[in-house]
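A.B. asks: just coords:
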């Protein structure tokens, strides 16, 4: 059985090979994984333990599924499931989070042009999530990732574990 601190060379659900631990938060641990049989593939696996983890994971999967295609700045949901009390979500692998990116400047300020580009993309993805009828409820630098693609760096919004739907597809608001 997998523990909360997975070690090499663990495999999740006989499908996903753990490569390295990327980070941890209050709702789980994130690992870089590859698909078994395709060592070149790279994904992010969010792993949670127990019944509470399963409920949070179910919420996140539901919201990620609803947001697919609504924004290019939301991780693509690749797979999800359970394996021996371990609940997991497989998503596309993005770059490092904004907090780590900022800290990489070691006390220096981010160039203003870069800060503006990042800020605009952060606001745009939050707007897209709101337009789809959801609120994130955990907006912080650790929940944004920077993917470096040359001249068109891309920001992703991560971790929808405590997000909520506030507006239904028909436009009506969810009661408080």
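C.D. replies: Yep, that arrived. For clarity, every value in this text was computed on a predicted model and none was experimentally measured.

A.B. asks: domains of the chain?
C.D. replies: The chain breaks down by automatic domain parsing into domains covering 11-92, 98-165.

A.B. asks: what's the neighbour count on the residue nearest to residue 88 when sequence neighbours are not counted?
C.D. replies: Nearest residue to residue 88, sequence neighbours excluded (Cβ to Cβ, 6 or more residues apart in numbering): residue 47, at 5.0 Å. Heads up, the C-betas are built off the backbone N, CA and C, glycines and all. Counted with other Cβ atoms under 10 Å, the neighbours of residue 47 add up to 26.

A.B. asks: what do you get for the one 5 residues further on?
C.D. replies: Using other Cβ under 10 Å, residue 52 has 11 neighbouring residues.

A.B. asks: run through who's touching the strand or helix carrying it.
C.D. replies: Secondary-structure assignment from DSSP states H and E places residue 52 in helix 50-67. By Cβ atoms under 8 Å, 6 or more residues apart in numbering, the surrounding residues in contact with helix 50-67 are 27-28, 46, 48, 74-75, 77, 80, 82, 85, 87-89, 91, 129, 132-134, 159-163, 165.

A.B. asks: can you give me the buried ones in the helix or strand just after it?
C.D. replies: Next along the chain after helix 50-67, taking DSSP H and E as the criterion, comes strand 77-83. With burial defined by 16 or more other Cβ atoms under 10 Å, the residues of strand 77-83 counted as buried are 77, 78, 79, 80, 83.
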